[in-house]
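A.B. asks: Sequence and predicted structure, then a few things I'm wondering about:
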Amino acid sequence: MKQLYYKYKPHYQTNLRLAIPVVISQLGHTLVQTADSIIVGHFVGTTALAAVSLVNSIFTIVLVIGIGLSYGLTPLIAQRNGRKQYDECGRLLSNSLLINAVSGLLLYVFVYYGSVAVIDQLDQSAEVVILAKPYLNLLGFSIIPLMLFLTFKQFAEGLGFTKQAMVISIWGNALNVTLGIIFVKGLFGLEPMGIRSVGWSTLIDRSIMAVVMAVYVLRSKHFKQYLKNFALKSIDVYRSSRILKIGAPVALQYTFEVGAFGAAAILIGTIGSVDQAAHQVAINLASITYMMASGISAAATIKTGNTFGRKDFIGMRLSAISSYHIVLVFMSIAAISFAVLHQILPWMFTSDKRVILIASQLLIIAGFFQLFDGAQVVGLGVLRGMGDVNVPTFITFIAYWIIGIPAGYYIGIVLGYGANGVWYGLTLGLLMSACLLFIRFNKISKKFAYNY
């Protein structure tokens, strides 16, 4: 173990310095929805919490499509920076900004005309659907400013500047919680807004974050040499297609995984609103650790892309393996925490003992799949840094939609194990994804590093 530690020690240090701010920044995305759930669960009630679960199950798919598309920029920026092709970075940013702005508008149109219509056909409780619709509309509109924020965030992080997005995310979440409480309680003479309060607070928060991140990148001295070609004339089909060739498969990867958890929420919603609310509690907690692992994965993408661009393939492999070590240690701590605190953590969200009982059982299962979840998300990150996105996309589809969801439906609904059974199926999907992605990484990285 000591020899292993000293072998990877330099990579642990550099990866952690890069990863920690990204982890906190990534955490901001899920803490917005966690804060919404806590505020609604305590101040509005169990039915409203079930509505939040339904909306988040639908909107999370939209969210990860947007995040995935924005990730198309990061490895390209990291690779160009590794090759010292600084002028190309501004051109890539111009194309990414256009792609993400258009994507944000299209995703909102999808939410407004598609999801709101579909929500009536999902066999959910009528009172839950009534509460869900206005919240879904507001959350859907917030994807537009979020995509603009992500454009400049991924550009800065691709160049190794990770702390600024972290700081903006921290202040943004503080603002979101503050506004959510003010709106839901009707403070300062305002009329209480119910579930709509957290929709408005999220929209305002993301709009301010987009403006602040854009101003930082465009005015900071750190980026002047990279922004010389940031202009409308730099937009072209070739660079846009390069970004989309990475971003679109990454969006599909996230969609397959998060969509599976969204489908699980809908399956559980057919059992009852209490089970659905419990799923929301447990998935919020699991999402926190997932997004933190996703931050480690994003840092692995940056480091892998940079070393890949320099053709330092042995260093690339060592760095990637160190990222695996880091995420496994972190997710082990998360797993132990879920197991030890499974009856305590749900109280953060609700005082309904029926919800807490089911959520505590789901947290035991969540603790079990933490290692698989962490390993698979880092596997996706390091492969993305090498530009390998198509086969991993196929792997995620097989793992979640051919294995995970059918197994969850069979165990949970057909065999009658309820929400627990649905989560057993998801665990099986995560295990399959983690194993196949590691095999893929090991094969490709050895081929580059050792020429066989």
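C.D. replies: Happy to help now that I have it.
A.B. asks: Tell me, how many residues neighbour Ser433?
C.D. replies: Counted with other Cβ atoms under 10 Å, residues neighbouring Ser433 total 30. Bear in mind the C-beta positions are built from the backbone N, C-alpha and C, glycine included.
A.B. asks: actually Ile405, not the one I wrote
C.D. replies: Neighbours of Ile405 using other Cβ under 10 Å come to 21.
A.B. asks: shaky segments in the stretch 151-300 of the chain?
C.D. replies: By pLDDT under 70, the low-scoring segments of the stretch 151-300 of the chain are 189, 192-194.
A.B. asks: For the most centrally placed residue in the chain, what is the enclosing helix or strand?
C.D. replies: Centroid-nearest residue in the chain: Met291, 5.3 Å away (criterion: Cα atoms, centre = their mean). Met291 is part of helix 273-309 when elements are defined by DSSP states H and E.
A.B. asks: What sits closest to Gly66 if chain neighbours are left out?
C.D. replies: Setting aside the residues directly before and after it, Gly66 is nearest to Met147 in space (Cβ to Cβ, 6 or more residues apart in numbering), at 5.3 Å.
A.B. asks: pLDDT wise, what is the one you found at?
C.D. replies: At Met147, the pLDDT value in this model is 93.
A.B. asks: Is it correct that it is in contact with Leu98?
C.D. replies: No. Between Met147 and Leu98 there is no contact under Cβ atoms under 8 Å: 11.0 Å.
A.B. asks: higher neighbour count, these two?
C.D. replies: Neighbours were counted for Met147 and for Leu98 using other Cβ under 10 Å; Met147 has more, 26 against 16.
A.B. asks: What are the neighbouring residues in contact with that one?
C.D. replies: Neighbouring residues of Met147 by Cβ atoms under 8 Å, 6 or more residues apart in numbering: Gly66, Leu69, Ser70, Asn100, Ala101, Ser103, Gly104, Leu107.
A.B. asks: Then Val111?
C.D. replies: By Cβ under 8 Å, 6+ apart, the residues touching Val111 are Ile58, Phe59, Val62, Leu136, Asn137, Leu139, Gly140, Phe141, Ile143.
A.B. asks: quick one: it from Leu97, how far?
C.D. replies: Per Cβ to Cβ, to the nearest Å, Val111 is found 21 Å from Leu97.
A.B. asks: same question, Ile77
C.D. replies: Taking Cβ to Cβ, one finds Ile77 at 13 Å from Leu97.
A.B. asks: Those two: who's more crowded?
C.D. replies: Per other Cβ under 10 Å, whichever of Ile77 and Leu97 has more neighbours is Ile77, with 27 against 20.
A.B. asks: The more buried one against Gly90, yeah?
C.D. replies: No. Shown here, Ile77 and Gly90 do not form a contact pair, counting by Cβ under 8 Å, at 10.1 Å.
A.B. asks: so where's the stretch 1-150 of the chain shaky on pLDDT?
C.D. replies: If you take pLDDT under 70 as the line, the stretch 1-150 of the chain has these spans: 1-6, 26-46, 53, 115-117, 120-125.
A.B. asks: ok, the closest residue to Leu18 other than its chain neighbours - contacts?
C.D. replies: Nearest non-adjacent residue to Leu18, counting by Cβ to Cβ, 6+ apart: Ala299, 4.4 Å away. For Ala299, the contact set (Cβ under 8 Å, 6+ apart) comprises Asn15, Leu18, Ala19, Val22, Val23, Thr162, Ser323, Gly381.
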